[in-house]
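Colleague: Sequence unavailable; structure follows:
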């Protein structure tokens, strides 16, 4: 296929399965395919994605290449917390 749409593809997958999936997706991209994936595993996003968008409440709040998003030397996790952190601080974690 030329297009892959994947929602949290690495969720619940063991390390061997995740490596196999990453290798397959990387091979497909080298062949010209486009992969859209959602993930909360930011290390995977940093390794696999050419372009990244952070979405909040259904809207893109920031996007760019990893280099553009990390221009200040931050990790992708730091960028995510900075962009969404102020709003998240207002939420209560009553379940704790």
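Modeller: Here it is on my side, so go on. For clarity, every value in this text was computed on a predicted model and none was experimentally measured.
Colleague: and the residue nearest the centre of the chain, what is it in contact with?
Modeller: In the chain, the residue lying closest to the centroid (Cα atoms, centre = their mean) is residue 45, at 3.9 Å. Residues in contact with residue 45 (Cβ atoms under 8 Å, 6 or more residues apart in numbering) are 39, 52, 76. C-beta coordinates here come from the backbone N, C-alpha and C atoms, glycine included.
Colleague: would a markdown table of those with neighbour count be doable?
Modeller: Converted to a markdown table, the contacts of residue 45 look like this (neighbours: other Cβ atoms under 10 Å):
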| residue | neighbour count |
| --- | --- |
| 39 | 17 |
| 52 | 21 |
| 76 | 17 |
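Colleague: now, which of those residues sits nearest residue 65?
Modeller: residue 52 (7.3 Å; Cβ to Cβ).
Colleague: Confirm the closest one sits in a helix?
Modeller: No: with DSSP: H, G, I helix; E, B strand; the rest coil as the criterion, residue 52 is located in strand rather than a helix.
Colleague: give me every residue that touches it.
Modeller: Neighbours of residue 52 in contact, by Cβ under 8 Å, 6+ apart: 45, 63-66, 69, 76.
Colleague: 10 Å instead, please
Modeller: The contact partners of residue 52, by Cβ atoms under 10 Å, 6 or more residues apart in numbering, come to 39, 42, 45-46, 62-66, 68-70, 76, 79-80.
Colleague: Which secondary structure elements does the strand or helix carrying residue 60 sit against?
Modeller: Using DSSP states H and E, the element containing residue 60 is strand 59-65. When contacts are defined as 3 or more Cβ pairs under 10 Å, 6 or more residues apart in numbering; DSSP states H and E, strand 59-65 packs onto strand 51-56, helix 66-69, helix 76-90.
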